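Chemist: got a sequence here, can you model it:
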Amino acid sequence: MARKIERAQLPYRPCVGVMLVARDNRVFIGRRLNKRQPEHVAPGHEWQMPQGGIDPGEEPYAAALRELAEETNVRSVSLIAEAPDWYTYELPDEIISKSWRGGYRGQKQKWFALRFEGAESEIDIRDPGPGHKPEFDAWRWEDVRRLPELIIPFKRPVYENVVKAFAPLLDA
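Modeler: Below is the predicted model of the structure:
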């Protein structure tokens, strides 16, 4: 009989998140594809900012730039700020065994606010680059203060922390 691993024994998956900020201080959000991992989609809460795992030996900022390019094709950015802390969230019990092969209790995320310096034509969620499958089926610019209400509820505290850290820098 397989031994069940308790939540407290599982690590957090190390990840990064990117708040991509347009010239008018609105923020990029993408609508997650429904066929992706179950922790990313709930009816009415499909929208999120780019995020993803940190590869072994990779620095968080490099991971943020890589993840942004892999999900949006965007490379024309400048750093506004790095969040002062790592933010965590716990996966709900009903999906913990389905996400990342049951190897993590949730994510520990380092967030970066990046100014988008390119033209909107650079954003390509349908074909983000060689070897990368689309993760979003739509995108838009959104007011920074609305972000927590758009994310899946169990990630909401992370988004509240991200908005608290970065919104003052955007004069929102």
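Chemist: the helix or strand of the chain with the lowest mean pLDDT: how far from the chain's middle?
Modeler: The least trusted helix or strand in the chain, going by mean pLDDT, DSSP states H and E, turns out to be helix 93-96, with a mean of 72. The offset between the C-alpha centroid of helix 93-96 and the centroid of the whole chain comes to 19 Å, using CA atoms, centre = their mean, to the nearest Å.
Chemist: need the next SSE after it, C-terminal direction.
Modeler: Scanning forward in sequence from helix 93-96 by DSSP states H and E, the next helix or strand is strand 106-116.
Chemist: partner residues bridging P14?
Modeler: Residues found in beta-bridge contact with P14 (criterion: DSSP bridges) are K108.
Chemist: what about it, how many residues close to it?
Modeler: 18 (other CB atoms under 10 Å). For every residue, glycine as well, the C-beta is placed using N, CA and C.
Chemist: tell me the contacts of it?
Modeler: 53-54, 107-108 (CB atoms under 8 Å, 6 or more residues apart in numbering).
Chemist: nearest to G131 among the residues you listed?
Modeler: For those, the minimum distance to G131 (CB to CB) is 15.5 Å, reached by G53.
Chemist: pretty sure that closest one is touching Y12, no?
Modeler: No: checked against CB atoms under 8 Å, the pair G53 and Y12 is beyond contact range at 11.2 Å.
Chemist: the least confident helix or strand of the chain packs against which elements?
Modeler: Helices and strands in packing contact with helix 93-96 are not found; criterion 3 or more CB pairs under 8 Å, 6 or more residues apart in numbering; DSSP states H and E.
Chemist: pull the CA atoms of that helix into CSV?
Modeler: As requested, the backbone C-alpha atoms of helix 93-96 are provided in CSV (Å, rounded to 0.1, in the frame of the first residue of the first chain):
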residue,chain,number,x,y,z
ASP,A,93,-7.0,19.4,-1.0
GLU,A,94,-9.1,18.4,-4.1
ILE,A,95,-6.3,19.3,-6.5
ILE,A,96,-3.1,18.8,-4.6
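Chemist: the nearest residue to D55 once chain neighbours are set aside: what secondary structure?
Modeler: Nearest-residue entry for D55: A63, 6.6 Å, with adjacent residues in sequence omitted and distances by CB to CB, 6 or more residues apart in numbering. Secondary structure for A63, judged by DSSP: H, G, I helix; E, B strand; the rest coil, is helix.
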